[in-house]
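**Student:** Sharing a sequence plus its predicted fold:
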Amino acid sequence: WSVRRATPRHSSPPAPTEGGGHRARARKPKLSETTLQVRLAAVDTPEVGKFGKPSQPYAEEARDFVQRRVQGQAVEVRLLSRDQYGRAVASVRYAPLPPLPFVKRDLSESLVDAGLGVVYRQGGAQYDSPEGVAKWDRLEARAKAKQLGLWAGKKVELPSAYKARMKAGG
């Protein structure tokens, strides 16, 4: 998921153009310079298809779930660490719909609770909870018991297994 940062008026000092120093042109910033790539802490969601590979079941539903809750809204982003790809690993809190004063929900918890994500158990996992992974295991077990989202099917392929299968040529 991406969080847009405010774009500075001139991202780099103006550089003189050919023909003398009496004209200056500022370069347009790259999208990567104005966007903070964020990986949600504690959760792994089904993979949306890329590069000709198919999407996992519930991938679009998970993406739409997130967009409905955060697009155009003020969110709280608590940075926890950086992952191996340089993305910020963060806890993201949002106001529920309809908004209630002083009430915020954790986006990762909401995804796992709705059965649209699983607990992330790979290296570098961050849980942002004094209880650690135990809290997340309870949320996942509840979604499984209710057969919500990806737990509704008989055969569930975890996002980590799907990524490994696709990497192997799957």
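**Tutor:** Happy to help now that I have it.

**Student:** What are the boundaries of the strands in the protein?
**Tutor:** Defined through DSSP state E, the strands belonging to the chain, from first to last, are 2-4, 15-16, 24-25, 35-40, 43-44, 76-82, 88-94, 105-106, 118-119.

**Student:** which helices and strands does the fifth one pack with?
**Tutor:** The one in question is strand 43-44. helix 107-113, strand 118-119 (3 or more Cβ pairs under 8 Å, 6 or more residues apart in numbering; DSSP states H and E). Glycine gets a C-beta too; all of them are placed from N, C-alpha and C.

**Student:** how about 7 Å then?
**Tutor:** Where contact means 3 or more Cβ pairs under 7 Å, 6 or more residues apart in numbering; DSSP states H and E, strand 43-44 is packed against helix 107-113.

**Student:** Number of residues surrounding Pro159?
**Tutor:** Pro159 is flanked by 20 other residues according to other Cβ atoms under 10 Å.

**Student:** quick thing: my sequence starts at 244, can you match it?
**Tutor:** Understood, numbering begins at 244; the last thing we discussed is Pro402.

**Student:** I figured it hits Glu290, correct?
**Tutor:** Yes: using Cβ atoms under 7 Å as the test, Pro402 is close enough to Glu290 to be in contact (5.7 Å).
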